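K.L.:
What follows is a predicted structure for the sequence shown.
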Amino acid sequence: MGNLLVPFKKFLSNKNTITILGVLVGVIVLYAGYNWRVQRSIQPVQVPYATSTLISGTKITEENIGYTSVPKDMISGMTNLVTDINRIRDMLVAYDSKIPTNGFFFSETLISEEEMPDSVFSKIQDGETVYRLEVDYDSTYANSIFPGNKIDLYMSTNVEDDEGKLVFGRLIASIEVLAVKDADGKNVFADKDNPTEPKYLMFAVPEYLFLLLSKAEKLGIEIQPVVRNESYSANPQATELASDELQALIINQTHILTNECTDLTVCG
């Protein structure tokens with residue numbers, strides 16, 4: 001038996017043999033590692049996708065979701081891709097977004113119901129009232145006023161007791177647009193690729209400004225939205241009455257009711 005092992009021992013003691021075996025082991029290890037990485041990268045992953053086009057505000061249900069297998073390596077760099085169904089189901093398509101048929105779900109296109117622009121109407125602060133300003137395509141600068149923008153409201157009228165001279169000036173500064181609605185009460189930008197015709201700008205204002213704007217409207221005084229630059233919205237200031245003189249011009253043309261709210265310092 002010992003004699004039978006002699007050739008084998010000589011074979012293993014040969015330096016060339018050891019080198020060859022080392023190379024073979026290295027090749028096998030490299031191949032096994034490469035094959036493992038390849039198999040891991042092409043391992044299919046279930047990814048949800050939209051079975052139909054979903055526009056802004058659409059609530060996503062099971063009927064809107066399909067699944068497809070995608071190689072894991074293909075989506076490894078998509079950090080904003082949502083694959084967890086629990087983070088998709090019952091969410092809404094975000095404002096000014098649209099998910100096309102067969103499109104994947106990304107975090108920036110999904111929003112909760114509480115975060116949707118229209119939800120602000122249910123969270124108006126105590127003492128505030130919704131005021132609706134009638135507008136059109138031209139007065140919104142060709143649909144350039146969006147929810148969340150801070151804008152100014154100017155007023156224009158003629159004063160009869162001053163030889164009918166024109167009065168034009170800023171009435172309210174830095175007022176936030178809550179929503180832009182069309183004639184059907186729908187968000188103008190629900191489908192960002194096909195916005196509808198604007199009909200109303202919606203604001204949440206304290207009672208005294210609601211009364212002031214409503215009186216101006218009923219007196220036939222024109223209220224004009226005026227947009228500012230991007231930093232005006234990015235660095236918002238508090239909404240405020242910009243002209244006591246213009247306020248007085250409106251109030252002096254109306255009967256003041258007992259305990260009517262006409263001043264922020266009095267009624268908030």
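P.N.:
That came through fine.
K.L.:
roughly how far is stretch 51-64 from the heart of the chain?
P.N.:
16 Å (Cα atoms, centre = their mean, to the nearest Å).
K.L.:
In terms of helix, strand or coil, where does residue 77 fall?
P.N.:
Three-state call for residue 77 (DSSP: H, G, I helix; E, B strand; the rest coil): coil.
K.L.:
repeat for residue 249
P.N.:
Remark: residue 249 carries the secondary structure label helix [criterion: three-state DSSP].
K.L.:
need the contact list for it.
P.N.:
In this structure, residue 249 makes contact with 157, 159, 167, judged by Cβ atoms under 8 Å, 6 or more residues apart in numbering. Just so you know, the C-beta spots here come from the backbone N, C-alpha and C atoms, and that holds for glycine as well.
K.L.:
what kind of secondary structure is the closest residue to residue 205 other than its chain neighbours in?
P.N.:
In this structure, residue 205 finds its nearest non-sequential neighbour in residue 131, 5.2 Å apart by Cβ to Cβ, 6 or more residues apart in numbering. Judged by three-state DSSP, the three-state class of residue 131 is strand.
K.L.:
Let's see which of the contacts of residue 249 end up in strands.
P.N.:
Secondary-structure check on the contacts of residue 249 using DSSP state E: residues within strands are 157, 159, 167.
K.L.:
And the second one, how close does it get to residue 247?
P.N.:
Read that as residue 159. Computed as Cβ to Cβ, to the nearest Å, the residue 159 to residue 247 distance reads 14 Å.
K.L.:
So the two - more neighbours on which side?
P.N.:
Regarding residue 159 and residue 247, a neighbour count based on other Cβ atoms under 10 Å identifies residue 247 as having more, with 20 against 12.
K.L.:
ok, the more buried one - contacts?
P.N.:
Taking Cβ under 8 Å, 6+ apart as the contact definition, residue 247 lies against 171, 212, 241.
K.L.:
Show the pLDDT at the most centrally placed residue in the chain.
P.N.:
Within the chain, one residue has its C-alpha closest to the average C-alpha position: by Cα atoms, centre = their mean, that is residue 95, at 4.4 Å. Residue 95 carries a pLDDT value of 72.
K.L.:
any idea which helix or strand carries it?
P.N.:
Residue 95 is part of no helix or strand when elements are defined by DSSP states H and E.
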